[in-house]
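Build me a structure from this.
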Amino acid sequence: MTTPQTFTGGDLDDLLAPLGGGALVGYARVSTRDQNLDRQVHALNAVGCIRTFQDKESGKDAIRPDLIACLDYCRAGDTLAVLELSRLGRSVQDLVSIVADLRRREIGFRSLHENLDTTTAGGRLVFHVFAALAEFCRELIVEGTHEGLAAARARGQRLGRPPALSAEQIAMARDLVGKQAVASIARLLGVSRGTLYNHLPELRPALAVEAASGGVELVLADGGENHVPGQLGVPLDEDRGDTSAGAGR
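Numbers count the residues shown, from 1 in each chain. Sure thing, here's the model as predicted:
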């Protein structure tokens, strides 16, 4: 956790610096196409917005075309107005980020329902508190995640993606080695050949020889008691005919 920060003289000057004096620009949003924007637009027009941008997008969507256009339209000295805070930000962090960016551009922010106005010193103070709470919540989430991961590791719990093959499937694959081609075993288990090679280290010599042979898949030699893991037999393609030294001569 970080140590609480105190305001420096520069922070206080920024907090009390006046904003506003320009145009009042509105932004309205509903989550679905079926919802109506009239109530929000009427309220924003009633307080004197010269233009109201309207989105019919979920607040979960990071890309809201009219919000982007609205932020681009605003100039220094203007004030962006919404009916309520939830119309602007997807979360407290998102809301704080947008308003902080407006502040850097010397643009005010006003929410009618919450009676929040960053063109006043009191409104800016409230948003500084919002920003501190958002950072506090973010740190709590990060800290809780780290503590949860540490506790899981202490219990011996496996973290990350589950293994592609279970112990039973690996045992089955080992039993089939020497009886079927690697590709056939992989298809049977529903995994790629690469996954099979990763879980069965004894197959890796076969992978090296296969690569050296130009990608021709080879079936492993007899898997009986004299079988040497990774030992190769003949090419899998039966259409090649007899592979003995004298065949075809």
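
now the helix or strand hosting Phe127: how far from the chain's centre is it?
Assigned by DSSP states H and E, Phe127 belongs to helix 121-154. Remark: helix 121-154 is offset 19 Å from the chain centroid, using C-alpha atoms, centre = their mean, to the nearest Å.

Tell me which other helices or strands that helix touches.
helix 9-16, helix 92-104, strand 108-111, strand 116-117 (3 or more C-beta pairs under 8 Å, 6 or more residues apart in numbering; DSSP states H and E). (Glycine included, C-beta is placed from N, CA and C.)

Report the angle between it and helix 92-104.
With axes from the mean of the first three to the mean of the last three C-alpha atoms, to 10 degrees applied, the angle from helix 121-154 to helix 92-104 works out at 140 degrees.

Sort out which residues of the following helix or strand past helix 121-154 are buried, please.
Using DSSP H and E, the helix or strand that directly follows helix 121-154 along the chain is helix 167-176. By neighbour count on 16 or more other C-beta atoms under 10 Å, the buried set for helix 167-176 is Gln169, Ile170, Ala173, Arg174, Leu176.

Over to stretch 179-198?
Neighbour-count burial for stretch 179-198 flags Gln180, Ala181, Val182, Ile185, Ala186, Leu189, Val191, Arg193, Leu196, Tyr197 (criterion: 16+ other C-beta under 10 Å).

which other residues reach stretch 78-88?
Counting contacts by C-beta atoms under 8 Å, 6 or more residues apart in numbering, the residues outside stretch 78-88 that touch it are 19-20, 22-29, 39-40, 43-44, 47, 49, 59, 67, 70-71, 74, 95, 98, 102, 107-114, 116-117, 119.

again, only this time at 7 Å
The contact list for stretch 78-88, computed with C-beta atoms under 7 Å, 6 or more residues apart in numbering, reads 20, 22-29, 40, 43-44, 47, 49, 59, 70, 74, 95, 98, 102, 107-114, 119.
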